[in-house]
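Undergrad: Here is my input; please provide its structure:
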Amino acid sequence: MQQEQEDLGKEREVLSLIKKRSGKLGALTRKRNEIHTLIDNGENTTVIEEHMKVYNFFLEEFMDVQVAVQSLLNEDERESDHTDWYEPKLISCREFIDDIETWLKQDASQDAANNVAPDAMYLTDDGNGAIFPLPSGEFPIGSMMTMGHFEVQGQPTPAAPPTPGPAPFSFSSPSASPTPVPFSFSGGPRTFPPRASGHFGKTFQRSINVGEVAGNRILTKKTLVVRFSEAEANVEAILLKAREALGQVEETFVLTDSQGNEIQDSDGTRTSQFWRQNSRKVFVLLEGEFEDLQQQRRAKVSRREDNTLLDRAEEVKVAAHLQRPSLQPAKDAMSCLVCKAVFVDPQFATCCESLVGCRVCVQRWCASSDFCLKCRAANFAANVLAVRGLSPAADFFRDFDVDA
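TA: Numbers count the residues shown, from 1 in each chain. Modelled structure (predicted):
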């Protein structure tokens, strides 16, 4: 009775914490929507930074409640709650924070560009190399990579207003005009990127489970979080990011689902929609471990098939005493398709899921043909498995005269 009361009290406490956790998540969502609205309305970075402080505070409270919930769950419940419910929410929150930080940097960079004196302006690229304008005021587009990232550098504009006259290039100012004013490169006109608003997220995140094989199961050793763009939403790019995160770039890995099936490159896996679904578990395994897992599973299937065939053989032996004349079809099923005799070391074809012949006969067949003895499927040699445990049944039919 006392144990039941303790269990009931614990269950009520868990439900109370889960309700509190949902409330914290709701506060995060409302604050996120409020920040989006402020940015869409052109609010300045100072106000956004203040609201982000509140958002981060809400996130810490949400994470504290999660720790309390986890402390009351058993091991299986903890893993399910963390992976299926909490982790996708946390990744979404972190993506939002990263997007806002990117926007703040872009906004600060644009403000800095608007305050640089035109005659002292130059650009720096990702490698911190300087690119100076030509005497005409145009930047040499041949020195700039397509879709490269550049920052405006130079001396600030003097306090005195500049002398009226055409400037060699200019940038858009949100307070001056909603339409970006073009500045030119020697390769043609370009426009300065507009101030970010509302639409964030050129990149995405997802969790990748680093797996290890135990028996015929995959266990999670640790979890990685990788960031990728739409162009990187494919098997090859995700594998490379996982290898880099593990610091094992030279190793060969395989991506699998939770059942150990390899995730292969296809039209379906070349979109961000596939990789953004964190409810779909993705594992990364060393190629050697993946092959071991597949071998163990094939062996398990083979043992299951052996047991099924033995059971059928026993049924046939019992039926032999009752319906002796009707055993010819059964004997035919136990006969080699090459030599027509009862199997010696029977071989099983996975392509048509059938017993096909003696070991020696199948080897001779494979030496001259690539097609299955029965269904004519290609790559026959790779689809053949040895079947063990059928010797008693084979001996029975070998010695049994169905015409007697």
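Undergrad: going forward, measure contacts between C-alpha atoms and count neighbours the same way
TA: Noted.
Undergrad: quick one, helices of this structure?
TA: Assigned by DSSP state H, the chain shows helices spanning 2-40, 45-71, 75-80, 87-114, 235-246, 272-276, 287-320, 328-333, 359-368, 391-399.
Undergrad: Point out the other helices and strands that the second one packs with.
TA: When you say that, I think you mean helix 45-71. Packing contacts for helix 45-71, counted by 3 or more Cα pairs under 8 Å, 6 or more residues apart in numbering; DSSP states H and E, involve helix 2-40, helix 87-114.
Undergrad: angle of the longest one against helix 45-71?
TA: Read that as helix 2-40. Per axes from the mean of the first three to the mean of the last three Cα atoms, to 10 degrees, the angle that helix 2-40 makes with helix 45-71 is 170 degrees.
Undergrad: Which residues are in contact with the closest residue to residue 73 other than its chain neighbours?
TA: Nearest non-adjacent residue to residue 73, counting by Cα to Cα, 6 or more residues apart in numbering: residue 14, 8.0 Å away. Residues counted as contacts of residue 14 (Cα atoms under 8 Å, 6 or more residues apart in numbering) are 69, 72-73.
Undergrad: Is it possible to get TSV of these that adds pLDDT and neighbour count?
TA: TSV is the format used below for those (pLDDT from 0 to 100; neighbours: other Cα atoms under 10 Å):
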residue	pLDDT	neighbour count
69	90	20
72	88	15
73	88	15
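Undergrad: For residue 294, state which of those residues is nearest.
TA: Checking the contacts of residue 14 against residue 294 by Cα to Cα gives residue 73 as the nearest, at 33.5 Å.
Undergrad: quick one: the closest one from residue 351, how far?
TA: Distance of residue 73 to residue 351, given as Cα to Cα, to the nearest Å: 46 Å.
Undergrad: try residue 291
TA: 20 Å.
Undergrad: out of the two, which sits in the busier spot?
TA: residue 351 (17 against 13; other Cα atoms under 10 Å).
Undergrad: gap between the more buried one and residue 383?
TA: From residue 351 to residue 383 the distance is 6 Å (Cα to Cα).
Undergrad: got it, and residue 153?
TA: When residue 153 is compared with residue 383 (using Cα to Cα), they lie 65 Å apart.
Undergrad: The two - which one has more neighbours?
TA: A direct count of neighbours by other Cα under 10 Å for residue 153 and residue 383 places residue 153 higher, at 19 against 15.
Undergrad: Tell me the spacing between the more buried one and residue 123.
TA: 6 Å.
Undergrad: Please apply the same query to residue 283.
TA: Distance from residue 283 to residue 123, by Cα to Cα: 42 Å.
Undergrad: ok, now how distant is the nearest residue to residue 366 once chain neighbours are set aside from residue 361?
TA: Leaving aside its chain neighbours, residue 366 sits nearest to residue 381 (6.1 Å; criterion: Cα to Cα, 6+ apart). Using Cα to Cα, residue 381 is found at 12 Å from residue 361.
Undergrad: what's the average pLDDT for stretch 381-392?
TA: Mean pLDDT, computed over stretch 381-392, is 84.
Undergrad: what's the first-to-last distance across it?
TA: 26 Å.
Undergrad: ok, the residue lying closest to residue 284 once chain neighbours are set aside - contacts?
TA: Spatial nearest neighbour of residue 284, excluding adjacent residues (Cα to Cα, 6+ apart): residue 255 at 4.6 Å. By Cα under 8 Å, 6+ apart, the residues touching residue 255 are 235, 239, 262-264, 282-285.
Undergrad: Turn these into a markdown table, including distance to residue 342 and pLDDT.
TA: Shown next, in a markdown table, are the contacts of residue 255 (distance: Cα to Cα, whole Å; pLDDT from 0 to 100):
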| residue | distance to residue 342 | pLDDT |
| --- | --- | --- |
| 235 | 48 | 91 |
| 239 | 50 | 90 |
| 262 | 39 | 91 |
| 263 | 42 | 91 |
| 264 | 42 | 89 |
| 282 | 47 | 92 |
| 283 | 46 | 93 |
| 284 | 46 | 92 |
| 285 | 43 | 91 |
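Undergrad: Find the residue ranges of the chain scoring beneath the pLDDT cut-off.
TA: The chain contains residues with pLDDT under 70 at 1, 107-120, 125-129, 139-150, 154-202, 301-327, 399-404.
Undergrad: Now with 80, please.
TA: Residue ranges of the chain with pLDDT under 80: 1-7, 40-44, 105-203, 215-216, 249, 277-279, 297-332, 389-393, 395-404.
Undergrad: And it, split by domain according to the record?
TA: Segmentation of the chain into domains, based on automatic domain parsing, reads 7-111, 203-291, 323-404.
Undergrad: Dump those to TSV, plus distance to residue 298.
TA: Below are the domains of the chain laid out as TSV (distance: least, Cα to Cα, whole Å):
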stretch	distance to residue 298
domain 7-111	28
domain 203-291	10
domain 323-404	10
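Undergrad: Residue 138: which of those is closest?
TA: domain 7-111 (18.8 Å).
Undergrad: Between residue 283 and residue 123, point out the one with more neighbours.
TA: residue 283 (27 against 17).
Undergrad: pretty sure that one contacts residue 211?
TA: Yes. If you go by Cα atoms under 8 Å, residue 283 and residue 211 touch, sitting 5.8 Å apart.
Undergrad: Overlap in contacts, these two.
TA: residue 220.
Undergrad: And for the residue nearest to residue 366, the neighbour number?
TA: Quick note: residue 381 (other Cα under 10 Å) scores 17 neighbours.
Undergrad: Roughly how far does it sit from residue 258?
TA: On the measure of Cα to Cα, residue 381 and residue 258 end up 30 Å apart.
Undergrad: again, but for residue 264
TA: 14 Å.
Undergrad: got it, and residue 43?
TA: 45 Å.
Undergrad: With residue 101 instead?
TA: For residue 101 relative to residue 258 (Cα to Cα), the value is 34 Å.
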